[in-house]
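Visitor: Got a sequence here, can you model it:
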Amino acid sequence: MEKKIAIGIHSVVDWECKWDTGIFCKIAEDYEIEDREITPVKNICSERDLVISILASMKQGRGSELFPETNTLVENFAAKFSYNTTVGGTGARAAIAVSKLGYPSVLQMSSCNPVLQELLPDAIEAIAANPNASGEIYPHVSITYPKGVHIKTKGLDFTTPRENRVLISCDPESFHMPVLENFADYCRNAKIFLLSSFCEILDFQILRDRMRKCRKMLGKMKPGTLVILEDACYPDQKLRQYVNDQLHPYLDIVSMNEDELQDFVGKQFDILDPEHVLAALRETYEKMRVPTLFVHSSRWAVAYGKDHEKYISTLTSGIAMAAARFRYGDDYGKAEFEETLKIAPSEKGIRFAEELEAVSDRVSCVPCKNMEFVSAPTAVGLGDAFAGGLLIDLAEREFPL
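Guide: Down below sits the predicted model:
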């Protein structure tokens, strides 16, 4: 099958930890962590710092990405739980998502090791951006905590307001994420190119070099290729703004989740308040300077800006793919996707969509599926699955839209 989908650049080995409230509470108890200490730690130099930062995300029901000082810290923490070894990275997971529905893709990989080579589906043509990489494995640990978890110790007593995930890694290959300038040679027939994961690069000088190479790469893509950037939670908002400043002339769409939207505007708000959401959309869109902005949340997904109404089916496909992963984890395919597509949206989502579209003619909003019946949800990788859902819809459409 013709490869219409090109994806880059991140690929990692994930250790998906199985949540255990008892184990986690014991760790917090052993470190004698108190409620007054719960705030994100900027420099995570110990396991105690790491646990405090995880607790800060859990208390707010937020997702986050944490970068401890050493890989040993990451591995030792993960060893306290049981975990599954999977493929991670937004690009790699999106490629896997589209392969589940029968779509081949070309994936530019930042890492290339035996575990990734074994786990990636055959439908993905994997191109190593750094073929001389060491082959070492630096796991990206994911902690998925459920809604309603009661964290109770001598110093702590709170309940998580929603399910979410925390990602933890110290991966030098990601910190130096290479960019293959001639990637266009591998995807001459691609209609869509998904970019992601520049948040992994923490050094400005390295990022500056990668942005230069990325602009050259994008300049070589076939004219008319639709380019999407999936945003992320950057530990430094200045780096996030720099990436946008460097890439926005080449981008058709920037996509982000609700946590990333709130980080961008620098404040928390109720994601079911249409006035607050609209204000954040306007501010972000003006600063991003791209034709169209996508934002996806647990309740809704929106397209804001140019031709927003043309992306309703695209958002619908993204929501269904994310919901299928929420329900089944990695164990879903075309049948589960199509079944999930038919699930009714939530009443709160429907009401919000109607209210948001009533106050702005620059936005299209699609409510998310009602997932309250799912007893053991998967929270990690939902944004990556959403991106995959966008790609399969766009791959079947004619450009320009």
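Visitor: what's the span of stretch 61-70, first residue to last?
Guide: End-to-end distance of stretch 61-70 (CA to CA, to the nearest Å): 26 Å.
Visitor: Give the buried residues for that stretch.
Guide: Neighbour-count burial for stretch 61-70, counted by 16 or more other CB atoms under 10 Å, picks out 61-68. Heads up, the C-betas are built off the backbone N, CA and C, glycines and all.
Visitor: among those, which are in strands?
Guide: 64-66 (DSSP state E).
Visitor: Let me have those in TSV, extended by distance to Asp231 and pLDDT.
Guide: Listed next are these as TSV, based on distance: CB to CB, whole Å; pLDDT from 0 to 100:
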residue	distance to Asp231	pLDDT
Ser64	14	91
Glu65	12	91
Leu66	18	94
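Visitor: just the buried residues of stretch 61-70 now: which is nearest Val366?
Guide: The nearest member of the buried residues of stretch 61-70 to Val366, counting by CB to CB, is Gly63 at 20.8 Å.
Visitor: so that closest one makes contact with Ser57?
Guide: Yes - Gly63 lies in contact with Ser57 (CB atoms under 8 Å); the separation is 6.8 Å.
Visitor: anything in contact with each of the two?
Guide: Common contact partners of Gly63 and Ser57 (CB atoms under 8 Å, 6 or more residues apart in numbering): 164, 166.
Visitor: if I look at Ala387, how far off is Glu75?
Guide: Noted for Ala387: a distance of 28 Å to Glu75, by CB to CB, to the nearest Å.
Visitor: Please disregard the earlier target; I meant Arg36.
Guide: Using CB to CB, Arg36 is found at 30 Å from Glu75.
Visitor: okay, these two: which has more neighbours?
Guide: Glu75 (15 against 7; other CB atoms under 10 Å).
Visitor: That one: which element?
Guide: Using DSSP states H and E, Glu75 sits within helix 71-78.
Visitor: How about Gln246?
Guide: Using DSSP H and E, Gln246 falls within helix 237-247.
Visitor: ok, the following helix or strand past that helix: who's next to it in the sheet?
Guide: The helix or strand immediately downstream of helix 237-247 is strand 253-257, counting by DSSP H and E. Here strand 253-257 has these sheet partners by DSSP bridges: strand 226-230 (parallel), strand 292-296 (parallel).
Visitor: Now tabulate those in CSV and tack on distance to Phe81, mean neighbour count and mean pLDDT.
Guide: CSV is the format used below for those (distance: least, CB to CB, whole Å; neighbours: other CB atoms under 10 Å; pLDDT from 0 to 100):
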stretch, distance to Phe81, mean neighbour count, mean pLDDT
strand 226-230, 28, 22, 97
strand 292-296, 28, 25, 98
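Visitor: can you put the ones you listed in CSV and add distance to Gly383?
Guide: Converted to CSV, the strands paired with strand 253-257 look like this (distance: least, CB to CB, whole Å):
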stretch, distance to Gly383
strand 226-230, 7
strand 292-296, 7
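Visitor: if we compare those, which one ends up closest to Lys147?
Guide: Smallest distance to Lys147 across the strands paired with strand 253-257 (CB to CB): 18.4 Å, for strand 292-296.
Visitor: pLDDT score for Asn113?
Guide: Asn113 is assigned 85 on the pLDDT scale.
Visitor: Wait, it touches Ser11, no?
Guide: No - using CB under 8 Å, Asn113 is not in contact with Ser11; the gap is 9.3 Å.
Visitor: Tell me which of the two has more neighbours.
Guide: Set Asn113 next to Ser11 and count neighbours by other CB under 10 Å: Ser11 wins out with 31 against 19.
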